[in-house]
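Asker: here is the input, now give the coordinates:
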Amino acid sequence: MFGLEALMLARIQFAFTVSFHIIFPAFSIGLASYLAVLNGLWLWTGRSVFLDLFNYWKKIFAVAFGMGVVSGIVMSYQFGTNWSVFSDKVGPVIGPLMGYEVLSAFFLEAGFLGVMLFGLSRVGPRLHFAATLMVALGTFMSAFWILSVNSWMQTPAGYAINEVGQFVATDWWAVVFNPSFPYRLVHMLLAAYLTTAFVVGAVGALHVLRDRGNEGARIMFSMAMWMAAIVAPIQIFAGDLHGLNTLEHQPAKVMAMEGHYQSHPDGAPLILFGIPNSAEKRIDYAIQIPKLSSLILKHDLNAPLAGLDTIPEHLQPPVGVVFWSFRVMVGIGFAMLGIGALSLYLRWRRQLYDARPFLRAAILMGPAGFVAVLAGWITTEVGRQPYTVYGLLTTAQSVSPIDAAAVGASLVAFIVVYFALFGAGTFYILRLMNHPPHVAESGLAPDEPVRAGGIMPGPVMDAKGALPVAP
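Answerer: Down below sits the predicted model:
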């Protein structure tokens with residue numbers, strides 16, 4: 001179907017569904033932590049504006065969380081339909097890890113989600129805050145287990161291969177904490193926090209432009225810019241460490257990222273831009289800085305760097321896709337760094353809410369985190385090719401014995417349903433964001449305390465959970 005073989009159609013289908021899926025967890029991981037911070041600030045300061053912002057963003061979180069669950073369930077079915085050989089061979093290793101994600105992380109999120117969304121007036125402020133923390137912890141644990149699975153596929157460790165060709169764990173600590181896992185976990189969590197920060201910043205900037213006196217908009221914009229200023233440089237540093245780890249364990253991926261078709265025995269250049277020419281094994285129209293790649297990767301201007309000419313051609317990743325996706329990710333990262341640095345300057349000048357060009361730039365940067373996350377995942381997953389388990393199991397060996405027409409038909413169905421369903425969900429989220437944060441988002445008056453009783457009306461508590469004292 002479409003002139004493509006079943007293997008390529010199965011890869012396209014998985015890439016399509018995982019691209020939709022990763023957007024929502026990247027947002028919900030950061031947003032759950034942001035909700036916990038807002039809830040904690042309300043308890044600490046007693047200022048109702050933090051509760052208003054909590055109630056504003058919890059509705060958006062609920063929709064994003066629901067779409068993430070649905071897209072994740074659909075994606076997981078492909079392990080049995082299109083990738084049954086892969087599932088059979090690696091199931092003894094990654095199956096338990098994915099089971100831990102469901103039993104610990106997802107159950108924790110789902111168990112406390114209802115309390116976080118609807119339970120403030122029933123369980124009281126402190127227990128409600130505890131529930132919010134549990135949801136945030138659940139999103140972190142979910143990222144922990146899923147990234148452990150994916151990292152093991154990138155840098156397998158702690159395994160043996162049994163007599164029927166299955167991977168089995170010999171050391172679970174080595175499986176979970178495989179060589180690339182710590183770097184990938186930190187890199188992904190920071191990416192999630194930055195993604196959320198720039199969405200929150202864009203919404204705040206939009207409403208500050210419309211109404212400079214909107215306290216909620218000013219607070220969310222200020223908090224987002226603090227996050228950008230602090231986390232963006234940390235993310236660039238973490239990304240550099242992750243790149244060095246990748247060079248050690250997956251050198252072919254780094255060669256594709258850098259566009260190094262040829263080896264450089266006396267220092268490799270950093271190619272900023274160019275057009276990969278895989279037929280001629282070169283980068284056309286390259287704009288490059290001599291020897292800088294060796295300095296970055298080896299901390300020595302004259303350090304030799306091997307190129308793809310040292311890798312058999314059938315084991316080389318697709319250079320064009322990896323080369324450009326990596327530059328998109330890095331470019332957005334430095335743009336985030338620039339926004340964060342400029343926000344510090346404007347804050348020092350007391351012009352953070354007055355610089356209209358900067359506010360418009362923050363709005364334009366709203367979706368940048370999602371683009372960077374997708375570009376990063378394309379870099380790491382396409383750069384792993386032709387393997388599903390790096391160096392051990394190829395993608396061609398992992399696919400189910402299926403017909404191309406069947407995969408093509410399901411791919412078309414996925415495209416139609418996904419764009420309809422998730423398009424509607426995204427449109428609804430954007431409508432919620434277009435609505436300005438206002439006083440008493442939950443229906444409470446600005447200084448009205450929260451009722452902490454159950455079904456029957458209970459005693460009135462303030463943000464600290466204290467009962468009033470009779471006069």
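
Asker: start and end of stretch 245-265, how far apart?
Answerer: 21 Å (C-alpha to C-alpha, to the nearest Å).

Asker: so what touches that stretch?
Answerer: Applying C-beta atoms under 8 Å, 6 or more residues apart in numbering, the contact partners of stretch 245-265 are 154-155, 179-180, 183, 243, 268, 270-271, 274, 276, 278, 281-283, 286, 293-294, 297, 304-311, 315-319, 322-323, 326, 379-380, 383-384, 390. Every residue, glycine included, has its C-beta placed from N, CA and C.

Asker: restricted to buried residues, select these in ChimeraX.
Answerer: The buried residues among the contacts of stretch 245-265 can be selected in ChimeraX (16 or more other C-beta atoms under 10 Å) with this line:
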select :154,155,179,180,183,243,268,270,271,274,276,283,293,294,297,305,306,307,308,316,317,319,322,323,326,379,380,383,384,390
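
Asker: which of the contacts of stretch 245-265 fall within strands?
Answerer: 270, 271, 274, 276, 282, 283, 286 (DSSP state E).

Asker: and the closest residue in space to the first one that isn't next to it in sequence, what does it touch?
Answerer: In this structure, residue 270 finds its nearest non-sequential neighbour in residue 292, 3.7 Å apart by C-beta to C-beta, 6 or more residues apart in numbering. Residues in contact with residue 292 (C-beta under 8 Å, 6+ apart) are 269, 270, 301.

Asker: in the protein, which helix or strand is least confident?
Answerer: strand 460-461 (a mean of 41; mean pLDDT, DSSP states H and E).

Asker: ok, so of the contacts of residue 292, who is nearest residue 204?
Answerer: Using C-beta to C-beta, residue 270 is the member of those that lies nearest residue 204, at 35.9 Å.

Asker: wait, that closest one touches residue 288, no?
Answerer: Yes. Using C-beta atoms under 8 Å, residue 270 is in contact with residue 288, at 6.2 Å.

Asker: let me see the confidence value for residue 442.
Answerer: For residue 442, the model assigns a pLDDT of 50.

Asker: next, the buried residues of the longest helix seen in the chain.
Answerer: Secondary structure of the chain per DSSP state H: the longest helix is helix 6-45. By neighbour count with 16+ other C-beta under 10 Å, helix 6-45 contains the buried residues 6-7, 9-14, 17-39, 41-43.

Asker: pLDDT averaged over it - what is it?
Answerer: Taken as a whole, helix 6-45 has a mean pLDDT of 88.

Asker: in contact with residue 294, which residues?
Answerer: Residues counted as contacts of residue 294 (C-beta under 8 Å, 6+ apart) are 264, 267, 268, 300, 301, 302, 303, 304, 305.

Asker: next, count neighbours for the first one.
Answerer: Residue 264 is surrounded by 19 other residues when neighbours are defined as other C-beta atoms under 10 Å.

Asker: then the second one?
Answerer: Residues within reach of residue 267, counting by other C-beta under 10 Å, total 18.

Asker: next, the buried residues of the helix or strand in which residue 56 is found.
Answerer: Using DSSP states H and E, residue 56 sits within helix 48-81. Within helix 48-81, the residues that qualify as buried are 48-58, 60-65, 67-72, 74-75, 78-79, counting by 16+ other C-beta under 10 Å.

Asker: need the ones in strands among the contacts of stretch 245-265 in a markdown table (columns: pLDDT and distance to residue 394).
Answerer: Output for the ones in strands among the contacts of stretch 245-265, formatted as a markdown table (pLDDT from 0 to 100; distance: C-beta to C-beta, whole Å):
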| residue | pLDDT | distance to residue 394 |
| --- | --- | --- |
| 270 | 90 | 31 |
| 271 | 88 | 28 |
| 274 | 89 | 29 |
| 276 | 89 | 23 |
| 282 | 87 | 27 |
| 283 | 88 | 27 |
| 286 | 86 | 31 |
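
Asker: closest one of these to residue 132?
Answerer: residue 270 (44.1 Å).

Asker: quick check: beta-bridge partners of the closest one?
Answerer: With DSSP bridges as the criterion, residue 270 is bridged to residue 289.
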